[in-house]
Each structure stands twice: as structure tokens, then as C-alpha cells.
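> Okay, structure incoming, though there's no sequence with it:
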């Protein structure tokens, strides 16, 4: 490797923790920064889910200066219902990510992929990254590298919904349709008439707050019953506790709706750099007629609209989020195939989907 650029690969959480200050400094230039690529998030996820696969962090160094760090989980994933060896960004694709690289890292992607394709890295059949904003430098450079090396890959658009919050709640409402405003009034009036429900926002909640809200509701939610909700599993609950043990890089925000001492619905967000990122939400199906998920979103938005927050990022595109009439960031997921045969199978499967379901189905996110 030219000059003084070298790379090292971390395979233990202890070594990654020792890299904390260097990692934070190297990623300061990300615009905007994402809590889902923060050292705090990645460390908590690694600690809670290390048993599910092998974790490796590719680090590109210039002397003692960290220029790029790409943390990957190697496990078994499913592609078109086929179990295959997967490499993916550590921590799951919960929100927009940017590959953690310093603005000085002009050539991190080639050394990274050379290592990934060598016998030094754990085995993999496909690499899954994203969603990433397509306008970012890291996305552009990585895609250019794939094209230059003629590596088989697929880019799937995954528009990222968000709300602009520059102004008061009243100003926010005036920018929305009459139908949205009437929906808010109708649902808030019904809740007020019920009188037995309360909604509370709790910045930086404790593990005890989560146990009596998030953990309980998550088990009852449809995501929990299907095994998809993080907080419905013991390792997911451990992840939350590890995450709350830190106070750096971003803030955790909980909004919960209760009645008669029990929680009905919750909304977990991460707050960093004047942007709120929706992470986890769920509700008890017994209360679905009240639209509790919609109401906790409205309660949080009303509370933060005049606090200098610029954006509420809604994460994955899902039908219920359309009710908020969001704008969209252009983002996409990248699948990289180790074997050309798998790439060919991917093309055949997608063509079959277009014939059977129509092309619009390609934008729908996979179940989580």
C-alpha cells in the first residue's frame, strides 16, 4: 500500500472500545452524522449480539491516525428465502448510514474490498449495506469502486421519509393538508374525551423506564409476536441497557402513552445534531382503534417543533408514515455479490417479481 497507509482488522470489542476517541474524531466530518454509525451504538450492538455471528472492523490508518473504519457482522442471512453467508454493516439497517470515513480518506474503498475479498475475512456470499444517501461521498466512491472493478452488485432505491421542523407546531400544521389537520384534531379530541390516557415524553430514559414501557408493549405488538421487534428478545433488551449506559454522541428520547398503569404504545428516537431519528415504535393491538402510534408521534412533534430541531427522520418507508405527508431523501441499499451466479439468480428473481407483483413492489422494505 502506497505511502504510510496501512490497515488493521479488529476482532474484539475490547480493541474497538480502545479505538473510541480515534473513531469519533475520524467521523466528525460526516454530514449529517448518524447515530446508527456512532461508536456508542456499534459498541452496544456488538456487546448484545456478538453471539449471532463474527464481527470484524476494517480500519485504514495513516500512521497513528484513523482514516476509515468499516464494522461488519458476518452471519447467515436470507436472500430470496435462501440461507446464504451474509456480511452487513454492524448494528442493523435501522436508519440512514454513512460508511465511517474521514474526509481525508481518499482511497479507503479499494483496500477495504481487497481485504474483504481475501482469505483474511470471514466467508460471505453477499454484502448488504444501507440504506445510504445517494448524494454522499462515501456512497459515490464505493459505487465507483464496484463499477471500476466490475464487481456484480445491485442498487435498490429506498426513499427515506423525513419531516422538516423549522418553526412552531402551528407553522408545521399550516404546511400540511386540511385532511391531516382534521385527522390530528379528531384523534386528539377523542383521546381527550377518554380522559384515562396520558402521553409523556422522557428524555434520556432509564432501563426501568424501558422495562415498564418498551419491553412490555414490544412483546404484545405484532412485530414482537412475529419475532421482529428488537425489544421483545432478551438480547435486544440487553442492547437497550448497554445503549443507555452511555451519554455521549447522541441522546435517547422516549415518548409513551399509558392508561390504568400500563403502557399502550411507545416511540424511541435518537437525537443528534438537531435531527431526531426514529428508531423503534410499537403498540398493543388492543388499543389500535385509538391510533396510539400516530398520537405519540404528534405529541413528540408538538414538543420539539420550537426547540431548534431541523428534521424528524422517519427511517424506513412504511405506509403509515405517509399520513404525515413527508419529504424524501434519496437513498438506496447496495447488495454486492461474491459469486456471479448469485448475481444472475438475483436478476432472475427480480424479473419474476416484476412480472408477478409489478415493479412498485421493489421499493417496499423487507419485513423487520
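Everything's here; your move. Just so you know, these numbers come straight off a predicted model, no measurement behind them. Residues are numbered from 1 along each chain as shown.
> any idea how far residue 101 is from residue 140?
12 Å (CB to CB, to the nearest Å). The way it works is simple: take the backbone N, C-alpha and C, and place the C-beta from them, glycine included.
> just checking, what's the longest strand in the chain?
Secondary structure of the chain per DSSP state E: the longest strand is strand 65-79.
> just checking, what packs against that one?
In terms of contacts (3 or more CB pairs under 8 Å, 6 or more residues apart in numbering; DSSP states H and E), strand 65-79 is packed against helix 20-26, helix 39-49, strand 54-62, strand 82-89, helix 109-116, strand 126-133.
> contacts for the helix or strand of the chain with the lowest mean pLDDT?
Ranked by mean pLDDT, DSSP states H and E, the weakest helix or strand in the chain is helix 222-225, scoring a mean of 70. Contact partners of helix 222-225, identified using CB atoms under 8 Å, 6 or more residues apart in numbering, comprise 218, 229, 231-232, 282, 285, 368.
> again, 10 Å this time
215-219, 228-233, 236, 280-285, 288, 367-368 (CB atoms under 10 Å, 6 or more residues apart in numbering).
> can you tell me which of these are in strands?
Those of these lying in strands (DSSP E): 280-283.
> pretty sure residue 97 contacts residue 158?
No - Residue 97 lies out of contact with residue 158 (CB atoms under 10 Å); the separation is 11.7 Å.
> joint contacts of those two?
What both residue 97 and residue 158 touch, as defined by CB under 10 Å, 6+ apart, is the set 130-132, 331.
> can you list those residues in a markdown table and add neighbour count?
As requested, those are arranged in a markdown table below (neighbours: other CB atoms under 10 Å):
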| residue | neighbour count |
| --- | --- |
| 130 | 21 |
| 131 | 26 |
| 132 | 26 |
| 331 | 23 |
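> For residue 110, state which of those residues is nearest.
residue 132 (18.2 Å; CB to CB).
> And that closest one, what's its pLDDT?
pLDDT, residue 132: 91.
> now, which of the shared contacts of residue 97 and residue 158 sits nearest residue 197?
residue 131 (34.3 Å).
> how about that closest one, what does it touch?
93-97, 139, 156-160, 315-317, 329-334, 365 are the contacts of residue 131 under CB under 10 Å, 6+ apart.
> filter those to the buried ones?
Taking 16 or more other CB atoms under 10 Å as the criterion, what is buried in the contacts of residue 131 is 93-97, 139, 158-160, 315-317, 329, 331-334.
> Next step: those residues restricted to strands.
Those of the buried ones among the contacts of residue 131 mapping onto strands are 160, 329, 331-334, per DSSP E.
> could these be laid out in CSV, adding pLDDT and distance to residue 119?
Output for these, formatted as CSV (pLDDT from 0 to 100; distance: CB to CB, whole Å):
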residue, pLDDT, distance to residue 119
160, 94, 36
329, 94, 38
331, 94, 33
332, 94, 30
333, 93, 27
334, 94, 23
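> Could you pull out the helices in the stretch 101-250 of the chain for me?
Along the stretch 101-250 of the chain, the stretches classed as helices by DSSP state H, counting those that start in this stretch are 109-116, 137-149, 169-174, 178-194, 207-212, 214-220, 222-225, 234-244.
> Go ahead and confirm residue 301 touches residue 163.
Yes - judged on CB under 10 Å, residue 301 makes contact with residue 163 at a distance of 7.3 Å.
> From the structure, what's the count of residues near the nearest residue to residue 22 once chain neighbours are set aside?
Distances taken as CB to CB, 6 or more residues apart in numbering place residue 66 nearest to residue 22, at 4.1 Å, with adjacent residues excluded. For residue 66, the neighbour count with other CB atoms under 10 Å is 23.
> For residue 66, give its distance to residue 93.
Residue 66 is 24 Å from residue 93, by CB to CB.
> What of residue 54?
The value you get for residue 54 to residue 93, if CB to CB is used, is 18 Å.
> now residue 234
Counting by CB to CB, the gap from residue 234 to residue 93 is 22 Å.
> cool, and residue 124?
In terms of CB to CB, residue 124 sits 16 Å off from residue 93.
> Tell me if I'm right that residue 345 and residue 80 touch.
Yes - if you go by CB under 10 Å, residue 345 and residue 80 touch, sitting 7.3 Å apart.
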